[in-house]
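Asker: Quick one, what's the 3D model for this:
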Amino acid sequence: MIRRLRLASGLVMLSYVTMHLLNHALGLISLAAMERTLHGVMAFWTQWPMQLALYGGFTVHYALALWALWQRRSLRLRASEAAQMVLGFAIPLLLLRHVVNTRLASDFFGAGIDSYTFILWVYTVRSPWLGALQLIVLVVAWSHATIGLHFWLRVRPWYGRVRELALTIAVLVPVLALLGLFEAGRLVTALAAADPGWAGKAFAGLARPNPQAVAELEEIIDALTWLFVALPAAVLLARAFRYFWQRRRGLVRISYPDGRAIEVLRGTSVLEASRLARIPHASVCGGRGRCSTCRVRVRAALPGLPPPSEEEQRVLDRIGARRNVRLACQLRPNVPVEVTPLLPHFAHAADGARRVDLAEGSEREIAVLFADIRGFTALAEGRLPYDIVFILNRYFDAMGRAIEQAGGRLDKFIGDGVMALFGIERDGDSACREALAAARLMSLHLADLNAALRGELAEPLRIGIGIHAGPAIVGEMGYGAAAALTAIGDAVNTASRLETLTKSYQCELIVSDEVIARAGLDRGLFGWQETELRGKQERLAIAILASAQDMPLDGPADRPAPASFTPAAASPRSRT
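Answerer: Numbering: from 1, shown residues only. Prediction:
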């Protein structure tokens, strides 16, 4: 509920600020354009529902900022988080003089000074220091808003695709607003300089506050300044009292798997404890409970921990978390605990969407596909490195698109080879059908690639594909930035050896009996052989296809499969 209120109130104020900045930018066109648009903007925001939303939104947002400051047990923050907090508390202090002298003067003292020309004259001619203050608050308010917007959106899967565009807009809007103000202010300054009596004539029709009203407005400004200084100061003072009071109740020990531990006040979140101990800990959303990248496995004292809140539980359910997995930013232990961060400290927003059972490791029924270019060593001889990289990248692009189009997951590229997994989040039967569809698409895409590279290659590229299905251990493996979701097990080894067999059988595709059966295809449509594989006692039945395009499968292929086909002539049985 608090998160939704903070977001809704922030978006209301962002809408107000954005409309004003765009109005400022019209100064690049003309002062008259600014004035005309201002009347429309003020007509919209001075309606009582919009005033209620604006002032209510500010009150709620500011109150929640004070609450967030109180809730934090530690002020050790990332630079972006600290900037957002400091800028947020600075905005009312920087903005209140402008608001009091315009809105309050208009609403409660009968002043009518909703005029860009008058305000620019005040800020450029009469009181330039006020103009400088408004330019500062413009940048501060926009920066605070865009940092918050970034924290909110960065956990969305699509945000990475529009991030550069969003950054461009975030920079362009205030720059255009500043340029518009400078241009309009330059015009007003020139008019005032050319005619000393211009201001008196230009503003004769404005209802300006009388001296008594001006004095009262100054008193209001002084009172509000003290208020906006006193409120965060009072929270900080209350935090100090709480710290000394809670220390008397004892500390809570939080331990980490590398032997490090820290004792913190009760109510301190695990994420805050990590930062206090200078232990790197992922937190894409800044500790707001949105991204799940700060997830930890709790290894001790599970029964004594406070239960997840409704919002935390919603995130945990989304990632398929077990009972012993919690969000570090939301878990505030009151008993000693041992925690293990489940994602590396450099995790990105996309990692937060990864299910816990996949990252931690589990046994799954999957289909595995291996593919390799035939004769690539000879193909690469005598070529420039640039040519080799170009050809490989075109090949990888074609194969990757085929695998993803069929529903698979590209696991890795190994030299000129490809490994793909199917069924990571689906059943084994669907995995087998997708793997066969991928093989067919890979063959079709390779034919298109050969046609495109006809002038570059002495002979067409050829590939060998092996597919097998069975149980495998799927999980995130590796070190540091090289860690990735992959699979290990007999199914992986067997698929790799079937791909190697395509060299002996001089064919493009070899598929195990297990895959054909689970895909629901008629075994009578295939030519079968039995082979022995190294490390396996039982012989394996395999289907051999001269071309993967001959796969009789209704799937996402670019063209229909032929009604009948003849598998390649089998070579003598080999052992691999």
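Asker: R6 is in what secondary structure piece?
Answerer: helix 2-25 (DSSP states H and E).
Asker: how close does the residue of the chain most remote from its centre sit to L191?
Answerer: Centroid-distance maximum for the chain: G197 at 56.8 Å, with C-alpha atoms, centre = their mean. As judged by C-beta to C-beta, to the nearest Å, G197 and L191 stand 11 Å apart. Quick note: C-beta positions are derived from backbone N, CA and C, even for glycine.
Asker: coming back round to it: next SSE after the helix holding R6?
Answerer: Where DSSP H and E defines the elements, the next helix or strand beyond helix 2-25 is helix 31-45.
Asker: Any chance you could list what contacts the helix or strand just after that following helix?
Answerer: Going down the chain from helix 31-45, the next helix or strand is helix 48-71, by DSSP H and E. By C-beta atoms under 8 Å, 6 or more residues apart in numbering, the residues outside helix 48-71 that reach it are 2, 5-6, 8-10, 12-13, 16, 44-45, 85, 88-89, 92, 231-232, 235-236, 238-239.
Asker: Send over helix 48-71 as CSV, restricted to the C-alpha atoms.
Answerer: Provided in CSV are the C-alpha atoms of helix 48-71 (Å, rounded to 0.1, in the frame of the first residue of the first chain):
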residue,chain,number,x,y,z
TRP,A,48,-10.4,21.6,-7.5
PRO,A,49,-9.9,17.8,-8.3
MET,A,50,-6.5,18.5,-9.8
GLN,A,51,-5.5,20.8,-6.9
LEU,A,52,-6.6,18.2,-4.5
ALA,A,53,-4.5,15.6,-6.4
LEU,A,54,-1.5,17.9,-6.6
TYR,A,55,-1.4,19.2,-3.0
GLY,A,56,-2.6,15.9,-1.6
GLY,A,57,0.1,14.1,-3.7
PHE,A,58,2.8,16.4,-2.3
THR,A,59,1.7,15.9,1.3
VAL,A,60,1.5,12.1,0.9
HIS,A,61,4.9,11.9,-0.9
TYR,A,62,6.7,14.1,1.6
ALA,A,63,5.2,12.2,4.5
LEU,A,64,6.2,8.8,3.0
ALA,A,65,9.8,10.3,2.5
LEU,A,66,9.9,11.1,6.2
TRP,A,67,8.6,7.6,6.9
ALA,A,68,11.3,6.0,4.7
LEU,A,69,14.0,8.0,6.4
TRP,A,70,12.7,6.8,9.8
GLN,A,71,12.4,3.1,8.6
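Asker: Now do the strands in this protein.
Answerer: For the chain, the strands defined by DSSP state E cover 251-255, 261-265, 295-298, 325-327, 337-341, 362-373, 409-414, 417-422, 463-477, 484-488, 509-512, 528-531, 540-545.
Asker: Pull the residues that contact stretch 269-279.
Answerer: By C-beta under 8 Å, 6+ apart, stretch 269-279 touches 72-74, 76-77, 254, 256, 260-262, 264, 268, 280-281, 283, 287, 294, 296, 326, 328-333, 337, 339, 341.
Asker: What residues sit buried inside that stretch?
Answerer: S269, V270, L271, E272, A273, S274, R275, L276, A277, I279 (16 or more other C-beta atoms under 10 Å).
Asker: Quick check: buried residues in stretch 433-442?
Answerer: Using 16+ other C-beta under 10 Å as the burial criterion, the residues of stretch 433-442 that qualify are R433, E434, A435, L436, A437, A438, A439, R440, L441, M442.
Asker: Dump those residues into a markdown table; add pLDDT and distance to S496 as well.
Answerer: Listed next are the buried residues of stretch 433-442 as a markdown table, based on pLDDT from 0 to 100; distance: C-beta to C-beta, whole Å:
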| residue | pLDDT | distance to S496 |
| --- | --- | --- |
| R433 | 92 | 21 |
| E434 | 93 | 19 |
| A435 | 94 | 14 |
| L436 | 94 | 17 |
| A437 | 93 | 20 |
| A438 | 94 | 16 |
| A439 | 94 | 15 |
| R440 | 94 | 20 |
| L441 | 94 | 20 |
| M442 | 94 | 16 |
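Asker: Out of those residues, which comes closest to E35?
Answerer: Nearest to E35 out of the buried residues of stretch 433-442 is L441 (C-beta to C-beta; 60.9 Å).
Asker: Can you verify my assumption that that closest one contacts G407?
Answerer: No: using C-beta atoms under 8 Å, L441 is not in contact with G407, being 10.5 Å away.
Asker: Could I get the buried residue list for stretch 340-354?
Answerer: So stretch 340-354, judged by 16+ other C-beta under 10 Å, has buried residues P341, L342, L343, P344, A347, H348, A349, D351, G352, R354.
Asker: hey, what's the first one bridged with?
Answerer: On the basis of DSSP bridges, P341 takes part in beta bridges with V296.
Asker: what's it in contact with, if anything?
Answerer: P341 makes contacts with Y256, S274, H281, A282, C294, R295, V296, A328, as judged by C-beta under 8 Å, 6+ apart.
Asker: quick one: it from R299, how far?
Answerer: 12 Å.
Asker: again, but for the last one
Answerer: Counting by C-beta to C-beta, the gap from R354 to R299 is 21 Å.
Asker: Kindly report the same for the third one.
Answerer: When distances are taken as C-beta to C-beta, L343 and R299 turn out to be 16 Å apart.
Asker: what do you get for the fourth one?
Answerer: Here the criterion is C-beta to C-beta. By it, P344 lies 19 Å from R299.
Asker: S106: neighbouring residues, count only.
Answerer: When neighbours are defined as other C-beta atoms under 10 Å, S106 has 17 of them.
Asker: ok, it touching S115?
Answerer: No: if you go by C-beta under 8 Å, S106 and S115 don't touch, sitting 11.0 Å apart.
Asker: where does the stretch 51-200 of the chain dip in pLDDT?
Answerer: For the stretch 51-200 of the chain, the stretches with pLDDT under 70 are 110, 112.
Asker: now the helices: where do they sit in it?
Answerer: 79-99, 105-108, 116-121, 128-153, 159-194, 198-202 (DSSP state H, counting those that start in this stretch).
Asker: Of these, which is nearest F370?
Answerer: helix 159-194 (29.7 Å).
Asker: Can you list the helices and strands that that closest one packs against?
Answerer: helix 2-25, helix 31-45, helix 116-121, helix 128-153, helix 198-202, helix 349-352 (3 or more C-beta pairs under 8 Å, 6 or more residues apart in numbering; DSSP states H and E).
Asker: Buried deepest among these, which one?
Answerer: Most buried of the helices and strands packed on helix 159-194, by mean neighbour count (mean count of other C-beta atoms under 10 Å): helix 116-121, with a mean of 22.
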